[in-house]
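Chemist: here is a sequence together with a model predicted from it:
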Amino acid sequence: MEFTLKRNVQIIAAMLIAAALLQVAYTALYITQPEMDRLFLWSLEAVLFTVLAAFAGSALVQSKRYTLGFAAITMSAVVNIVQVGVGLTMFAPFRDVAMANEAFAPAAGAVVAFSFMVYNAAKVLLALAAIVFGMGKMNYGSKALGGLTVLVGVIAFVANALSMALGRGFSGDLPIAGGSGVIATVLLALCLSSTAKVAAKEG
C-alpha cells in the first residue's frame with residue numbers, strides 16, 4: 001500500500017475523530033461513573049496519538065500548501081503522548097503517596113497541574129490546525145464549514161491558551177477550553193476529509 005498525501009490526510013482525519021470520541025467517552029464516564037477505572041481509554045489514546053504523530057509527520061513533509069497545519073497536528077500528537085503518559089504512569093503513585101502522607105499533596109497537585117497544562121498546549125496546537133485548514137476550506141470548498149471551523153478554532157485557541165497561563169480554573173465550572181477543543185478537533189477532521197481532494201493534486 002502506498003501512503004500518498006491523500007491517503008495520509010484521510011487517515012489523520014479518521015484518527016482525529018477517534019480521539020474526539022475517546023475524550024467524549026472519558027468525560028462521560030468521569031461524570032457518570034467517577035470511580036470506574038479509565039486506564040484502558042488512556043492506553044488507547046496513547047497508542048492513537050503515537051500513530052497520529054507518524055502519519056501527520058508524513059503528511060507534513062509531503063504537503064506543499066498546509067505545512068503549518070500538519071506541523072501543528074504532529075506536535076499536538078507528540079504533546080498528547082506526554083500528557084497521557086503522565087496520567088498513566090504518575091497519577092496513581094503520587095495520589096497514593098499523598099494519601100499516605102499529606103506533606104506530598106502539593107507534589108501530587110503539581111503533577112496534575114502539569115498534565116492539564118500539557119493537555120491545553122495540545123488543544124492550542126489543534127486549534128491552530130483548525131484555523132489553518134478552516135481557512136483552506138473557505139478558499140477551496142464550503143465557506144460555511146470553513147468559517148465555523150475558524151471561529152471555533154479561534155475560541156479554542158484563546159480558551160486553552162488562557163488555561164495554560166492562568167490555570168484550568170480560569171473559566172470556573174464551564175468546560176470552555178476542553179469543550180471547544182473537542183469541537184475544533186471534529187471540525188478540523190471534517191475539513192481535512194475534503195482537503196484530501198486538494199492534497200491529491202500535490203502528492
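Modeler: Received it, and whenever you're ready, just let me know what you need. Residues are numbered from 1 along each chain as shown.
Chemist: please enumerate residues in contact with stretch 51-65?
Modeler: The contact list for stretch 51-65, computed with Cβ atoms under 8 Å, 6 or more residues apart in numbering, reads 3-5, 8-9, 11-12, 15-16, 19, 67, 70-71, 73-74, 77-78, 81, 136, 198-199, 202-203. All C-beta spots, glycine's among them, are computed from the backbone N, C-alpha and C.
Chemist: can you pull the poorly scored residue ranges out of this protein?
Modeler: For the chain, the stretches flagged by pLDDT under 70 are 34-37, 170-174, 196-203.
Chemist: so where do the helices sit in it?
Modeler: 5-32, 39-62, 67-89, 91-100, 105-140, 143-166, 176-199 (DSSP state H).
Chemist: helices or strands next to the shortest one in the packing?
Modeler: Helix 91-100 sits against helix 105-140, with contacts defined as 3 or more Cβ pairs under 8 Å, 6 or more residues apart in numbering; DSSP states H and E.
Chemist: and the helix it packs on, what does it pack onto?
Modeler: Judged by 3+ Cβ pairs under 8 Å, 6+ apart, the packing partners of helix 105-140 are helix 67-89, helix 91-100, helix 143-166, helix 176-199.
Chemist: now with 10 Å, please.
Modeler: helix 5-32, helix 67-89, helix 91-100, helix 143-166, helix 176-199 (3 or more Cβ pairs under 10 Å, 6 or more residues apart in numbering; DSSP states H and E).
Chemist: thank you, goodbye.
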